[in-house]
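Novice: I would like the atomic coordinates for the input below:
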Amino acid sequence: MTGLSPANEPLLKRYPGNPIIHRNATPTSNSIMNSSVIEFGDEYRGVFRVDDQCRRMMLHAGRSKDGINWDIAPEPIRWKCNVPELADFVYGYDPRITHLDGKYYVTWCHGYHGPCIGLGVTENFESFEHLEIALPPFNRNAVLFPRKIDGEYVMLHRPSDRGHTPFGDIFLCYSKDLIYWGRHRFVMGTRSGWQSTKIGAGPVPIETPEGWVLIYHGVLTSCNGFVYCAGAALLDLEQPWKVRYRTRRYILAPAELYECVGDVPNVTFPVAAVHDEDTDELRVYYGAADTCVCMATTTLSELLQFIKENSFED
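Specialist: The predicted model follows:
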C-alpha cells in the first residue's frame, strides 16, 4: 500500500461546502439529487433530477460557471418529440450526460409503462429532443460510453423491476443507430459487503490507456434499509464487459449528516465525474440522502491506483 488512502478513510474527499445544491434550489422543489453535470466550453451544464412538492420526478436544466455554484431552471425541460406515443413525459430521474459525436446525449430512467431507459440529445442545453426508448421496462442506471467501440454505440444498464429493486447487476449492449440495441453482455454482479444487494453504473466511463474507469454504486441491506456506497472498476478498453479490476473497499459511503438524513437516509449515489486533464483532478458529483447534490474529489491517477491495489483477487 502507498498510503494514498488510510484504511479508515474513503478515497473521495468531500467538498467542504457540501451540499453544493440544496433541496430548495428551485421555488417548488422538494429535493434535487442524483443529477449529471458536464463541461460545456469554459463553463458547466447539467440535467438535474428535481422532485417537486407534488412529488413528481422531473428533469431540469442547469448552468454554472465553476461547477459548484449552480442556477437550476425553475421549470422542467420541455422535450421536443416527433413520436406521438412518447411525447407525454410522465416522469424522469437519475440522468447521465455523455458528450459523443459533437452532441450531448442524456440517458435517464423514463416512465413508459414502468421504468425504462429514455434517450435524448441536445447541442446547447437550451433545446432538448426526446429520441426513442432505448431499453424497455424494467430498467435503470443507463450510461453511454463517450466513444464508439468497434463502430457501435455502447451502453451500460441495470435491469430491474417496477418497485424499489432488491436486486441488480450491470449489463452492456451495443447499437449501430441508438435505436436498436443488442449484443448484450454481462459485466458484473453483486459481491459481499457494501455491494451485496445490487449495483448500478454511475458516471460516464473515463477512458485511460489502462482501460475504462467506471465509478458505480453498490447497495447493502441493513436492519434500517438500503445503504448506498460508491466503488470503482477498470473495464477492458475494447471489450468493456470484461472487468480487469474491481474495488473491495468503497471509495465513498454515507457518513455526513446530509448523506444520512433526508428523504432516503444513508445514500451516496455517484452520477457524474469531471476530469481536469491539466491538474488530474477528478470531481465526482453525487446525490446525498435522495435530497441534495454534493461533490467529492480525488485525482484520476489516485483512483486508478486505488482500484488496482484494492481489487478482488478472483
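
Novice: residues near K242, how many?
Specialist: 15 (other Cβ atoms under 10 Å). C-beta coordinates here come from the backbone N, C-alpha and C atoms, glycine included.

Novice: Disregarding residues adjacent in the polypeptide, which is nearest to it?
Specialist: D236 (4.1 Å; Cβ to Cβ, 6 or more residues apart in numbering).

Novice: likewise V37?
Specialist: Using Cβ to Cβ, 6+ apart, the nearest residue to V37 is G46, at 3.8 Å.

Novice: my guess is the one you found meets L59, correct?
Specialist: No - in this structure, G46 is not within contact of L59 by Cβ atoms under 8 Å, at 10.1 Å.

Novice: how many neighbours does the residue nearest to V37 have?
Specialist: 26.

Novice: Tell me the pLDDT of D314.
Specialist: You'll see D314 listed with a pLDDT of 72.

Novice: since we're on it, how many residues are nearby?
Specialist: D314: 5 neighbours (other Cβ under 10 Å).

Novice: give the contact list for it.
Specialist: Not one residue lies near D314 by Cβ atoms under 8 Å, 6 or more residues apart in numbering.

Novice: roughly how far apart are it and R191?
Specialist: 10 Å (Cβ to Cβ, to the nearest Å).

Novice: do G163 as well
Specialist: For G163 relative to R191 (Cβ to Cβ), the value is 23 Å.

Novice: Where does the prediction get shaky in the chain?
Specialist: 1-8 (pLDDT under 70).

Novice: Identify the single longest helix in it, thanks.
Specialist: For the chain, the helix with the greatest residue count under DSSP state H is helix 300-309.

Novice: Surely D66 and D42 touch.
Specialist: No - distance between D66 and D42: 10.1 Å, which falls outside the contact criterion (Cβ under 8 Å).

Novice: So those two - more neighbours on which side?
Specialist: The neighbour count for D66 versus D42, taken as other Cβ under 10 Å, is higher for D66 (9 against 6).

Novice: residues contacting H113?
Specialist: Counted by Cβ under 8 Å, 6+ apart, H113 has contacts P137.
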